[in-house]
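*Asks:* Pasting the sequence and the predicted model now:
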There are 4 protein chains.
Amino acid sequence: MAKDKVVLAYSGGLDTSVILRWLVNKGYEVICFVGDLGQNDDLEAIKKKAMSAGASKVYIKDLKSEFVTDFIFPAMQCNALYEGRYLLGTSLARPLLAKAQMEIAKKEGAKYVSHGATGKGNDQVRFELAYYALDPKIKVIAPWKDKDFLAQFKGRSDLIAYARKYGIPVKATTAKPYSEDENLMHISHEAGILEDPGFKPPEHVFSRTASIEKAPSKETVLELIFKDGIPVKLVDKTSKVMKTRPLDIFLYLNKVGSINGIGRVDMVENRYVGIKSRGVYETPGATILWAAHRDLEGIAMDKEVMHIRDSLMPKFAEIVYNGFWFSPEMDFLMNAFKKSQEAIDGKVTVSLLKGNVMITGRESFTPLYNQKLSSMDEEGGFNATDSRGFINVNAIRLKAHNIAMKGRIPFDALKKKSGKNANK
Amino acid sequence: MAKDKVVLAYSGGLDTSVILRWLVNKGYEVICFVGDLGQNDDLEAIKKKAMSAGASKVYIKDLKSEFVTDFIFPAMQCNALYEGRYLLGTSLARPLLAKAQMEIAKKEGAKYVSHGATGKGNDQVRFELAYYALDPKIKVIAPWKDKDFLAQFKGRSDLIAYARKYGIPVKATTAKPYSEDENLMHISHEAGILEDPGFKPPEHVFSRTASIEKAPSKETVLELIFKDGIPVKLVDKTSKVMKTRPLDIFLYLNKVGSINGIGRVDMVENRYVGIKSRGVYETPGATILWAAHRDLEGIAMDKEVMHIRDSLMPKFAEIVYNGFWFSPEMDFLMNAFKKSQEAIDGKVTVSLLKGNVMITGRESFTPLYNQKLSSMDEEGGFNATDSRGFINVNAIRLKAHNIAMKGRIPFDALKKKSGKNANK
Amino acid sequence: MAKDKVVLAYSGGLDTSVILRWLVNKGYEVICFVGDLGQNDDLEAIKKKAMSAGASKVYIKDLKSEFVTDFIFPAMQCNALYEGRYLLGTSLARPLLAKAQMEIAKKEGAKYVSHGATGKGNDQVRFELAYYALDPKIKVIAPWKDKDFLAQFKGRSDLIAYARKYGIPVKATTAKPYSEDENLMHISHEAGILEDPGFKPPEHVFSRTASIEKAPSKETVLELIFKDGIPVKLVDKTSKVMKTRPLDIFLYLNKVGSINGIGRVDMVENRYVGIKSRGVYETPGATILWAAHRDLEGIAMDKEVMHIRDSLMPKFAEIVYNGFWFSPEMDFLMNAFKKSQEAIDGKVTVSLLKGNVMITGRESFTPLYNQKLSSMDEEGGFNATDSRGFINVNAIRLKAHNIAMKGRIPFDALKKKSGKNANK
Amino acid sequence: MAKDKVVLAYSGGLDTSVILRWLVNKGYEVICFVGDLGQNDDLEAIKKKAMSAGASKVYIKDLKSEFVTDFIFPAMQCNALYEGRYLLGTSLARPLLAKAQMEIAKKEGAKYVSHGATGKGNDQVRFELAYYALDPKIKVIAPWKDKDFLAQFKGRSDLIAYARKYGIPVKATTAKPYSEDENLMHISHEAGILEDPGFKPPEHVFSRTASIEKAPSKETVLELIFKDGIPVKLVDKTSKVMKTRPLDIFLYLNKVGSINGIGRVDMVENRYVGIKSRGVYETPGATILWAAHRDLEGIAMDKEVMHIRDSLMPKFAEIVYNGFWFSPEMDFLMNAFKKSQEAIDGKVTVSLLKGNVMITGRESFTPLYNQKLSSMDEEGGFNATDSRGFINVNAIRLKAHNIAMKGRIPFDALKKKSGKNANK
């Protein structure tokens, strides 16, 4: 009888290597899937490791362009920011990985998918909700929520012992005393020594951004051109470099952001599973892009649309963070948010210096911002005396409220009053 | 017959000096009110100028402490931020000025109040809505919306001529080619040469913050202690300075913020009256405070409360910006927001460097953040297998949606179906 | 020199007839526009009256089908309900009238449009905002906000005298002691004797619905078939009548609603201009449709989508009520709301009896409602033990909150604590 | 060794009687708790049954008054309505039962609580979240999510067999082919034959309300007096009965509601656990109260407060429905909602007839509704010409949007433009 196939999201690390072998030992045929999101790994080495650990096949998929165009840029269009600070670098990667993994499962006719995310974090939720949303019949093997697996592997030493037993190479170097997740959007650092929220992350934790101290003292000036809220061109005014392909634009932003020490965030956030968690993030390029896009909206977006959208953005970010990228509520919000971007066309000038993203000017390609209208000196279609009526009408309600509150009947008098009424 | 009294919000500038005289010439007794919000003016000189221009009396009121405790700190508690960036430095000052002005009107038995805000801006709305909310019977004289006044004063030269005619001193120095509003929270620069949204403000525009270039290369480290979301102590770890009085805390934040180049914002915003306007702001102290408070919430605030509050914050900021500080909707939101701050008690460590406000650690005085719980390594009351049920239950809806969408009946088949039903 | 053309929204009533003549006397060429929204007027008589009062031309446009398909049905799709009760019968008609009027203005090359709405109501806002949104250059003549007109016409008797002077027929019958607005969606009654909010409207006020007492004692049973939230077929199970054209469906709903005493509402509502106003409405057909559509959503709409949509519906209704039908914020919301309707396909059985709209059953044409899943007796893909994890994970936050609140440090202890910290 | 104590929420039905015995057989000391919420049971008989089934003690607590004052009335103040129709009769009862049960657990020193709610419904969540929120250390035994229990009891026949084995009386009458939950607020009917959403509930299902057909043909007229949104007096104008105690008011509303056929709802709703479920409800008194309170708000509540509150109400109802009554997010919203009720003082006249709750008049004890102001005929502090400015200012944004959209640059031209810019 043919073995059941399982497609495993494989990273090449200790955990997923052990899981791979454990699944093989359980009698599954294990097909590994490695998504290339720009995490700077040696993908060929990972492939070899997977095969040596018992995989029947390894798929390596380059998802970098899709990540930028279908996940990062839409999130930037929507100003997505979780709890005021987190740009969702990991949250956005998960549904893309899950989607690519499910495509392989479909192609291979596999009934099972598996992942190595822990049982207390967000990623397990993001992976599994995406799996189920894409195919309600898929079966998920999540070892870190499996009683047997948990009983067998109580700590890192158990994993190492198991790996050694099955000839899986274990890096000689000691692991970092915290965990990381990396892709072309960001790198996150959490857990371990960073769990103490009062502990300042030592400088060596940061791998993608220069410190403020080491960042150059000369600014980098960029021009970003947007069409419908999506960057379509980047010009480095300093170096004269120009980029127009989405991935190129984003990688260039990363590069200049890194150099200039941009995009570090240290915060305590709320996981979907109800736990608070401290995260340290480096997100250089997206930090610049987010700021530039938001600025352009200032000049190009209607006020009421912006204010309604702003009240919905936290929900949008929550949906992404919690792992509901493929969901009807996401479709619902996205349809509105995309509509709001129809005229977000223009150019933003950004200066990068010592960790700062400074917007120094912007131009809208639609004439929503009317300099004449906003001028206080000239009359540009706006009759100042109209403001009188505007204020007076807005004041009616406030006047009535003032009178009402002053005229409130004390409870005892009220009882009498209603008593009287009752006897009418 | 006694003249009608009018209480004028007086700044000492050309506009309100001309308005003062114009009101006197109209036959009013003009009582000037100068609110001291820390705008660094020579208040005695302003008083003299008012008397010489025809005022019957001048009230100078020190509102600095009240501004901090009753307006700035509550706004910080609520994370108020208009259109993602503006900390509302002018918006918060207006209702306080209006309130103090109305108290004088009441004391003096004046039926009229007046102000010098233009007819196309936000301040006219903020002043007048506050006046009306506090006393529905008050009569407002707003010269910049008065047809006669507008006909008489078409430009700055008319104002100067009028001032000279009545012996009102006009500053020899040419006015700045843009307008400013200053108080202890911020200074704003707008209009004039800044109206072109693509024009980069020259460095000389900035008066309250050092440029990134000139800011020191050594960080300033602060500890901020909060009780119920309000700062109750500040310790400068570098200089060992400690502050506990609200005004002192805020002024010290301003000082170190200024030195370190913190709090510049350049944006296009939406005025209440429907016009877009470019504003350049410097808000050093509040920028630090806002960031520290938001960070503390990360560790000390319940997730659901935070997410609902975040969705309401844009409305809160809009209410403040539009001038509805004294309104039932403000009371409504404030009651909830204050409740959310009940356990926002803790300490935040902030590093200031080259324009950056970096949070490097925080401690909550309530144990909402549970390091054990959030640890991925240890079991701290959280059973990883519970996540399985959590995810499965959350997936039910997504699975059903997937099935429903796949099972959608095309319109023609639907017609048949409903036709069949109709004939049942 | 050719006269300036003005297109007047003409009703045939006293007010707009006087306005017509007044405009002619002012030197305008007046083109009348009568929109047929099913208001049961004698349109030919209105045309004659307009011509005799001085109109150069009269356009009568049948807007009934467009009203149903482009305004009423979309509003029903969105569950639009203002302040919990008002189905927006007048609000929805105004933008359509304004649009048709503006099309005539464009065709005729008229620079002016005019309407007879009062200066304290909502309709003036709805008309004028629609005019301006459709053509920013249009000039609006609103006599009831015109100082000269207001000075000339202080009451009904002035209008009558003016009409008589110019040979405009004035109905012999005394006007009703309240005002009405009628179209195929509803009839509203307000003002006059109805202004006292405690005064019970006498039965003769109601013209479109039978009283509960007079409604038949036998129920009418309907089946309504929806596609994407839009009714596509109606079957009267009692009479065997079937309707499939939108206007036919709606008019039939009106008919059976009227007979069965459905759709009366008596409420005090908030006008956009800040005034409270008592309105009495009769909206038979839309009341049935609203209830049936809402019910179908119960079975066919995703939970999260519904809950987000429900939180936005009041804003949607406010936008319609306030006259912002043609606005970017409407486009924003509508895009999301329409998306939510993609699978609202199904059949609802409705019983009408003595004022009640009772839903007695429904069927979804998509399988989102899964009887097996919801059954408590059978296992249908739902593992009851999953609920344990679901609840436990949801409880984590609540437990932490309980502990945090119990562990709150009193202010004095806090001071000591922070003092201690400060001295570290 | 002393047995572990468990406090069981006991109903006297088959399920909880079996659970009781099962717990005893497991070695627990079982203390039964029966909450009297007006469910019309023979409480003494239930007590006896519990003792005979093995309980060591039975607590019967009269919670009726507390249910009305602390749960029903606050929910009515907040206009709570789940998914547009469900008045939350069961949802509101659960946290009160859990609270009373936990008080007994504390008094008895019991470490365990238990309930008989199924593993696929909402009630398990409501009970358990309340338990955990009130005491994070409590241990919950939920047999219907317990693998052993589920294995032992696969259907009703297993329960009956077990009951017979242990001498627990089983009602001879066959159970209803659907399940019910009853308290003084409502009775719900669901599951079983009602699971088919297209199946019309037969008349015998309804036990608390007369059918429309059998309801009297003569109206009942009530006056309801509210203070801060809470009913403080009820006068039956027909029978001259007057009630002022909360429980009396509510029970009287139930009585007249029942007679007049008021409060039936048949809907498909979304359970918290992601399943859709059909519910049939009878909620006579609360239906009247909800309508009267909402009406009074129309005249007594500020517009902006109402509109913000209305957008939050669905969230409020969701919180209640999902079982988060004791939660920080509930405290957050409740604080705002209560504030909004400060001047909801007045009298509402309600006519009940044939299933209809008709409001025929209302009076506010605060003067927020100003008849003069709203009059169209008189000038009451409202200057109609102010509306001109109001509209013009509101139109600015729409005009700008129109111009912007017309002026949108096609993508190709945009590329050229940005290309040009890039070469500057």
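*Replies:* Structure's in. What do you need?

*Asks:* center of chain A, which residue is that?
*Replies:* The residue lying closest to the centre of chain A (CA atoms, centre = their mean) is residue A:88, at 1.7 Å.

*Asks:* Need phi/psi at that one.
*Replies:* Torsion angles at residue A:88 (phi, psi; degrees, to the nearest 10) stand at phi 70, psi 30.

*Asks:* so who does it touch?
*Replies:* Contacts for residue A:88 were tallied using CB atoms under 8 Å, 6 or more residues apart in numbering or on different chains; they are A:75, A:80, A:81, A:82, A:317, A:320, A:321. All C-beta atoms are positioned from the backbone trio N, CA, C, and that covers glycine.

*Asks:* The one helix or strand the fifth one maps to and chain B, are they touching?
*Replies:* Which is residue A:317. Taking DSSP states H and E as the criterion, the element that holds residue A:317 is helix A:303-322. Yes - using CB under 8 Å from any CB of the partner chain, we find that helix A:303-322 touches chain B at A:303, A:306, A:307, A:310, A:311, A:312, A:314, A:315, A:318.

*Asks:* and the closest residue to residue A:150 other than its chain neighbours, what does it touch?
*Replies:* Nearest residue to residue A:150 in three dimensions, chain neighbours excluded: residue B:384, at 6.7 Å (CB to CB, 6 or more residues apart in numbering or on different chains). Residues touching residue B:384, when contacts are defined by CB under 8 Å, 6+ apart, comprise A:118, A:119, A:120, A:144, A:145, A:150.

*Asks:* Neighbour-wise, which one of those residues leads?
*Replies:* For the contacts of residue B:384, neighbours were counted using other CB atoms under 10 Å in any protein chain shown, and residue A:120 has the most, 28 neighbours in all.

*Asks:* Helix, strand, or coil at that residue?
*Replies:* Residue A:120 carries the three-state label coil when classified by DSSP: H, G, I helix; E, B strand; the rest coil.

*Asks:* go on, residue A:116?
*Replies:* In terms of secondary structure, residue A:116 is coil; the call rests on three-state DSSP.

*Asks:* Looking at it now. What's its pLDDT?
*Replies:* According to the prediction, residue A:116 has pLDDT 96.

*Asks:* Where does residue A:96 fall, secondary structure wise?
*Replies:* Residue A:96 belongs to helix A:89-108, assigned by DSSP H and E.

*Asks:* Mean confidence (pLDDT) on the helix or strand containing residue A:298, please.
*Replies:* Secondary structure here is read from DSSP H and E; on that basis residue A:298 sits in helix A:284-300. Along helix A:284-300, the predicted confidence averages to a pLDDT of 97.

*Asks:* list the helices and strands that helix packs on?
*Replies:* Using 3 or more CB pairs under 8 Å, 6 or more residues apart in numbering or on different chains; DSSP states H and E as the contact test, the elements touching helix A:284-300 are helix A:73-77, strand A:220-227, strand A:230-236, helix A:246-259, strand A:346-353, strand A:356-364, strand B:264-270.

*Asks:* The same query, at a cut-off of 7 Å, please.
*Replies:* The helices and strands touching helix A:284-300, judged by 3 or more CB pairs under 7 Å, 6 or more residues apart in numbering or on different chains; DSSP states H and E, are helix A:73-77, strand A:220-227, helix A:246-259, strand A:346-353, strand A:356-364, strand B:264-270.

*Asks:* Other residues contacting the fourth one?
*Replies:* In this structure, residues lying in contact with strand A:346-353 by CB atoms under 7 Å, 6 or more residues apart in numbering or on different chains are A:219-226, A:256-257, A:260, A:262, A:288, A:292, A:295-296, A:299-300, A:357-365, B:212, D:418, D:421.
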